[in-house]
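S.K.: sequence plus the predicted model coming up.
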Amino acid sequence: MMRCDRVWRNARLATLAPSRPGIGAIGDGVVASKGGNIIYAGAAAGAPAFRANDIIDCDGRWITPGLIDCHTHLVYGGNRSAEFEQRLEGASYEDIARMGGGISATVRQTRATTKDALLAEALPRLDAMIREGVTTIEIKSGYGLRLRDEMKQLSVARKLESCRPIKVLTTFLGAHALPPEFKANPDRYIDKICNVMIPRIAETELADAVDVFCETIGFSLQQATRVLAAAKKAGLAVKIHAEQLSNSGGAALAARFGALSADHLEYLDETGAAALAGAGTVAVLLPGAFYFLREKKCPPVDLLRSAGVKIAIASDCNPGTSPMTSPLLVMNMAAIFFHLTIEECIAGMTREAARALGRFREIGSLEPGKRCDLAIWNVGDLSELAYNIGFNPLHSRVWGGS
Ligand code: DI6
Ligand code: FE
């Protein structure tokens, strides 16, 4: 008899265990948890006899690991629905930015919003994610662009974790855009990020990683290099927004710094893909931004596959280019726009997303020793997760065993 807290039986499992092919499916499966962690996840035949306080009959439902959204900008002030209307009338994202809108508009609103109000605005978005089975989310700063407001954004992101049953990982994205105070001197802002902001963010443990928007309309390769070097020096993991609107060489830079992930990648080339593969950097694809900006160029998925790069997918939830809070819609769009397979879509929001956050030892698959984060689905076939549009088949969600 094996003692445990809770058992889910009569379930079909997508374990996502790397030792099994594909999504690691098991037809008649059992999951058992103790102290918030998985102690067994596998076939019913061959499972030990469990003595549990709670035994849940899943009636043949599918269980996947809890979903992981590994790239969001979920905490921000206001919204940009008025800009959306301008775009519908023909203005481009760049036009709007030039007129003082875009990221700058959200920076103004975020600076003017209190911590409590930011929290209140973020919670409905987080709840939407939770309703579709998300158990871990990454949240970036980048709408404060000065130390106190970046810290405000990050501390609101951290605070969300005490408001809901969810794991929040935070990323400092001070190098998201140039703040108005530094318009005349971009390199001075990079100095400030490297010499003041990153050391302070590291010391206060407000961020788990550092990201940079490496792009013609963001920061140059040289500036991004300085930011990533400062992050490494402060002992923080690094990520990068790379090759979204042009090929700037961000992927190779990510590889050079052993980045956890390189994100967007529409304009990635062969050299960049080989570099990511060599470094084990995960490619994070963001179909929501591609859709909302009506982009034409898809990320080179075949190139990623043939180079052997791991592929994650995420919402990029943000007010300007992806006002999206649905992980299921991310899967649908990744399949339709980027031609990902169902297996890639599911792995992309579980196992590979965990890798993109450097947390695959703790989450992302149904394996003994991992946190017992589960999503239990009312579907006959797992492809229904990506097939339905705007329908939520989540039956229940388990975070840390309960
Ligand atoms: N890439 C994007 O698509 C978003 N940020 C980034 O680095 C845009 C964010 C916004 O428009 O508010
Ligand atoms: Fe982003």
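M.R.: Right, received. Where do you want to start? Ligands and ions are numbered 1, 2, ... in the order given.

S.K.: only C-alpha atoms for contact and neighbour calcs from this point on.
M.R.: Noted.

S.K.: what's the neighbour count on the spatially closest residue to Leu293 that is not a sequence neighbour?
M.R.: Nearest-residue entry for Leu293: Thr321, 6.2 Å, with adjacent residues in sequence omitted and distances by C-alpha to C-alpha, 6 or more residues apart in numbering. Look at Thr321: counted by other C-alpha atoms under 10 Å, it has 20 neighbours.

S.K.: likewise Glu352?
M.R.: 28.

S.K.: that one contacts Thr281, correct?
M.R.: No - counting by C-alpha atoms under 8 Å, Glu352 does not reach Thr281; the two are 10.5 Å apart.

S.K.: quick revisit: for His241, see how far away the residue nearest to Leu293 is.
M.R.: Per C-alpha to C-alpha, to the nearest Å, Thr321 is found 13 Å from His241.

S.K.: ok, Gly90 next?
M.R.: 26 Å.

S.K.: neighbour count for these two, which is higher?
M.R.: A count of neighbours by other C-alpha under 10 Å puts His241 above the other of Gly90 and His241, at 23 against 10.

S.K.: for the more buried one, give me the pLDDT.
M.R.: At His241, the model reports a pLDDT of 97.

S.K.: show me what whatever helix or strand it lives in is packed up against.
M.R.: Using DSSP states H and E, His241 maps to strand 237-242. Other elements packing on strand 237-242 under the criterion 3 or more C-alpha pairs under 8 Å, 6 or more residues apart in numbering; DSSP states H and E are strand 209-212, helix 221-233, helix 250-256, strand 261-264.

S.K.: repeat that for 6 Å
M.R.: strand 209-212, strand 261-264 (3 or more C-alpha pairs under 6 Å, 6 or more residues apart in numbering; DSSP states H and E).

S.K.: looking at the ones you listed, which is buried most?
M.R.: strand 261-264 (a mean of 29; mean count of other C-alpha atoms under 10 Å).

S.K.: state the next helix or strand along the chain beyond that one.
M.R.: Heading C-terminal from strand 261-264 (DSSP H and E), you reach helix 270-279.

S.K.: quick one, phi/psi of the one residue in the stretch 251-400 of the chain that gets nearest to ligand 1?
M.R.: Ligand 1 sits closest to Gly320 of the stretch 251-400 of the chain, with a gap of 3.5 Å, by C-alpha to the nearest ligand atom. When read as degrees, to the nearest 10, the backbone of Gly320 gives phi -100, psi -40.

S.K.: around it, how many other residues sit close by?
M.R.: Gly320: 20 neighbours (other C-alpha under 10 Å).

S.K.: now swap in the one 5 residues further on and tell me
M.R.: Neighbour count for Thr325, taken as other C-alpha under 10 Å: 25.

S.K.: same question, Ser306
M.R.: As a measure of burial, Ser306 has 11 neighbours, counting by other C-alpha under 10 Å.

S.K.: about what we covered before: so which residues make contact with the strand holding His241?
M.R.: Residues from elsewhere that reach strand 237-242, judged by C-alpha atoms under 6 Å, 6 or more residues apart in numbering: 209-214, 250, 259-263, 265.

S.K.: list the buried residues for it?
M.R.: 237-242 (16 or more other C-alpha atoms under 10 Å).

S.K.: any chance of the residues you listed in a markdown table, plus distance to Ala312?
M.R.: Listed next are these as a markdown table, based on distance: C-alpha to C-alpha, whole Å:
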| residue | distance to Ala312 |
| --- | --- |
| Ala237 | 17 |
| Val238 | 16 |
| Lys239 | 13 |
| Ile240 | 14 |
| His241 | 14 |
| Ala242 | 15 |
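
S.K.: which ones among those residues also lie next to ligand 1?
M.R.: His241 (C-alpha under 6 Å from any ligand atom).

S.K.: which one of the buried residues of strand 237-242 is nearest to ligand 1?
M.R.: His241 (6.0 Å).

S.K.: picking that back up, could I get the helices and strands packed on strand 237-242 as a markdown table with mean pLDDT?
M.R.: Formatted as a markdown table, the helices and strands packed on strand 237-242 follow (pLDDT from 0 to 100):
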| stretch | mean pLDDT |
| --- | --- |
| strand 209-212 | 98 |
| strand 261-264 | 98 |
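
S.K.: how about those in TSV, adding distance to ligand 1?
M.R.: TSV is the format used below for the helices and strands packed on strand 237-242 (distance: least, C-alpha to the nearest ligand atom, whole Å):
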stretch	distance to ligand 1
strand 209-212	8
strand 261-264	8
